[in-house]
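In: Structure here, sequence nowhere to be found:
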C-alpha cells in the first residue's frame, strides 16, 4: 500500500482486492475476483459513487480474512469506504437482523449489499451448485433482502439512502 496520504484510486483498490483474493475460488469453483468485479460493476450500473464502488471491491476482504481490520483502518481510503466495508462484513455468529440493521444504518452500504446479493443470487451462478446448497443460499439471500427492505425489481437508489441523494 502506498505510504502517501493521497487516497487510493479505484484502480489501486481493485488491484489490492484482486491480489488479496488471488488464490480464492467461489462456491462454483470460479476465481473469486469475478464476484468482486461483478459486485463493483453492479454498484456502478446502479449509479453508485466511487466510494461505493471501492467498498464493493473490498466488501468481502475483511469477512474472508483476505485483508485485516487493521489493514482497512490504516488504508488510504475515505472513512465512508471503511464504514461501508465494515457494515457489510458479517461477524461470526451474528444475527441476520443485527447485520441488516448495521447495513441500513451505514450511508451507502445498502447499495453495495444489494449488488452483492444480486450477484450471489444470480440463477446462472446458483444453477451450478448442489441442490441443497442452492436451496439454503436462495433462502438466506431472500431473508437478507427482506430484512433490508429490498423488494424484487426495486433498486436501493429508489429508496432512502443518504449516500445517494445526488441521483448518481
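Out: Nice, I can see it. In this text, all values refer to a predicted model and were calculated from it rather than measured experimentally.
In: Can you name every helix or strand that the one helix or strand residue 16 maps to contacts?
Out: Per DSSP states H and E, residue 16 falls inside helix 10-20. Applying 3 or more CB pairs under 8 Å, 6 or more residues apart in numbering; DSSP states H and E, we find helix 10-20 packed against helix 32-45, helix 50-58. Where you see a C-beta, it was placed from the backbone N, CA and C, and this is true even at glycine.
In: Could you single out the most deeply buried of those helices?
Out: Ranked by mean neighbour count, these are led by helix 50-58 with a mean of 27 (mean count of other CB atoms under 10 Å).
In: what angle do that helix and helix 32-45 make?
Out: 160 degrees (axes from the mean of the first three to the mean of the last three CA atoms, to 10 degrees).
In: average pLDDT for helix 50-58?
Out: Throughout helix 50-58, pLDDT has a mean value of 98.
In: Same question for stretch 13-26.
Out: Per-residue pLDDT values over stretch 13-26 give a mean of 96.
In: Straight-line length of that stretch, end to end?
Out: Using CA to CA, to the nearest Å, one end of stretch 13-26 lies 20 Å from the other.
In: what's the spacing between it and its chain's center?
Out: How far stretch 13-26 lies from its chain's middle: 14 Å, per CA atoms, centre = their mean, to the nearest Å.
In: What residues sit buried inside stretch 105-117?
Out: Buried residues in stretch 105-117, defined by neighbour count with 16 or more other CB atoms under 10 Å: 106-117.
In: I'd like the helices and strands packed on helix 10-20 laid out as TSV, including distance to residue 122.
Out: Formatted as TSV, the helices and strands packed on helix 10-20 follow (distance: least, CB to CB, whole Å):
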stretch	distance to residue 122
helix 32-45	8
helix 50-58	15
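In: and of these, who's closest to residue 14?
Out: Closest to residue 14 of these is helix 50-58 (CB to CB; 5.3 Å).
In: how far off helix 10-20 does that closest one point, in degrees?
Out: Helix 50-58 and helix 10-20 are oriented at 10 degrees to each other (the same axes, to 10 degrees).
In: thinking again about what came up before, which one among the buried residues of stretch 105-117 gets closest to residue 44?
Out: residue 115 (8.9 Å).
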